[in-house]
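A.B. asks: Quick one, structure for this:
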Amino acid sequence: MTEQNDSFAAAQQALGYGYQVRFGLLRMMELNEDTSLLIEKDDDLDFQDDEEGQILASLKHKAPGDTLTDLSPDFWKSVRIWLTRYVSAGKLTSQLTFFLFTTGVVTAGSFLENFVVDGLKAENLPSLADAVLLRTTSKVILKTKIDFDQLNLEEKGDFLSKITIFDHQVRIEDVPAKIKDRMRSVRHVFRDSVFERLEGWWTNVTIELMAGVRINPVYGREVSEMLSEFSDQYKKDNLPIDFRNEEPPDGVDPENDTRMFVRQLHALGLKPDRVRRSILDYYRAFTQRGSWIREQVLLNGELEEYEDRLTDEWDRFRNICFEDLDAASNEANLVSAGKKLFTWAETNNTDRVRIRPAVTEAYVSMGSFHILANEQPLPKIHWHPQFVERLDAVLSENKI
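C.D. replies: The predicted model follows:
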């Protein structure tokens, strides 16, 4: 096999796994919320429903224009898998149902037309299947024939009655549009963003299922709950939160970070752990703002108005904390007042310091304070009572 063919085969296999994940999400949004799903258990997708029982689904993402004929390996390889499950489940007492979802199209007049959804199955289906299998020279399909011949006539008829083919299915690149079309409760302008978050969550769930990290199946109601949670982030009183656990790619160095807002914290003599937390808050808030701007979820001037509110709140409490200070106050009293002001900001998570009422993530407000404290050449807010005066003096000396 040539390297080019190897690459093509690998690409097709990867595409198949991607299709499995995306198509699974689409189906879970279409089925009732009590439906459960396991991936790569007894088949590509393993659905369980109180009314329908257990449904084993094989997925085939084919090249555009691909067709299924009497001896299509895609069909008969799936049949072999299903035969094994059917026998294990007790044959005639089995409650299994078998679905084949394919982007290909069943050829008109072929044997496989008997299995197309909403089609009529021929009464002599077992004998038709035997006749088709007798024509094969494929080693793969011959293995299926051997297994099929282990069933008696009644079992063959029962088994074949449980198979349905859903052909001409949506292709992998078109699945997102189908999912977003079902997000009727989400404003159209935000559907792309909500889909990205939902698919990211879903991909993690499917990886956990396939890796055995998660043993219990995922239910349709979980998908509904996550869709609702992501949708809520795009309502008027809320904003999406994406960087809760993110850290700077270059790490955090509380001792050697020379940025203005960090220098302010050192002026208060804060311990490294507290400074580290502040650096994380700054990074997450700064990155989050960039994401909001790219997604266009903010109103015109909203960030500026928010910073004005924070500055006003800071100034209000600053006057309280610094009220008893004067020119004669010693450094210990200055630092104590500055720490009181900083602690107020660090622990205050009321509506008055939130960009929107439902945005309760602390890094947004505290990180925004640090952004204001990092303004150059002079910060808009400060914690140490004399930080700006001392900095201004240094800057003035440097200009001389």
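
A.B. asks: rest of the way, CA atoms for contacts and neighbours
C.D. replies: Fine.

A.B. asks: In the stretch 101-250 of the chain, what residue spans correspond to strands?
C.D. replies: With strands called from DSSP state E, counting those that start in this stretch, the stretch 101-250 of the chain shows them at 105-106, 163-166, 218-219.

A.B. asks: want to throw the ones you listed into JSON lines with mean pLDDT and mean neighbour count?
C.D. replies: Formatted as JSON lines, the entries for these read as follows, by pLDDT from 0 to 100; neighbours: other CA atoms under 10 Å:
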{"stretch": "strand 105-106", "mean pLDDT": "96", "mean neighbour count": "22"}
{"stretch": "strand 163-166", "mean pLDDT": "97", "mean neighbour count": "21"}
{"stretch": "strand 218-219", "mean pLDDT": "97", "mean neighbour count": "20"}
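
A.B. asks: For burial, what's the neighbour tally of the closest residue in space to residue 265 that isn't next to it in sequence?
C.D. replies: Distances taken as CA to CA, 6 or more residues apart in numbering place residue 275 nearest to residue 265, at 6.7 Å, with adjacent residues excluded. Using other CA atoms under 10 Å, the number of residues around residue 275 comes to 23.

A.B. asks: list the contacts for residue 275?
C.D. replies: Listed by CA atoms under 8 Å, 6 or more residues apart in numbering, the contact partners of residue 275 are 254, 262, 265, 266.

A.B. asks: partners of residue 53 in the sheet?
C.D. replies: Per DSSP bridges, the residues bridged to residue 53 are residue 49.

A.B. asks: Correct me if wrong: it contacts residue 95.
C.D. replies: Yes - taking CA atoms under 8 Å as the definition, residue 53 is a contact partner of residue 95 at 6.3 Å.

A.B. asks: quick revisit: and the residue nearest to residue 265, what element?
C.D. replies: Taking DSSP states H and E as the definition, one finds residue 275 inside helix 272-295.

A.B. asks: mind listing what's buried in the following helix or strand past that helix?
C.D. replies: Counting by DSSP H and E, the next helix or strand C-terminal to helix 272-295 is helix 302-321. Using 16 or more other CA atoms under 10 Å as the burial criterion, the residues of helix 302-321 that qualify are 306, 307, 309, 310, 311, 314, 317, 318, 321.

A.B. asks: re the thing from before, please find the angle between the direction vectors of the helix holding residue 275 and helix 302-321.
C.D. replies: Orientation note: helix 272-295 sits at an angle of 150 degrees relative to helix 302-321 (axes from the mean of the first three to the mean of the last three CA atoms, to 10 degrees).

A.B. asks: I'd like the numbering to begin with 83 instead of 1 from here.
C.D. replies: Sounds good: first residue 83 from here, last item helix 354-377.

A.B. asks: So for helix 354-377, what gets flagged as buried?
C.D. replies: 357-368, 370, 373.

A.B. asks: could you measure residue 182 against residue 248, distance?
C.D. replies: 6 Å (CA to CA, to the nearest Å).
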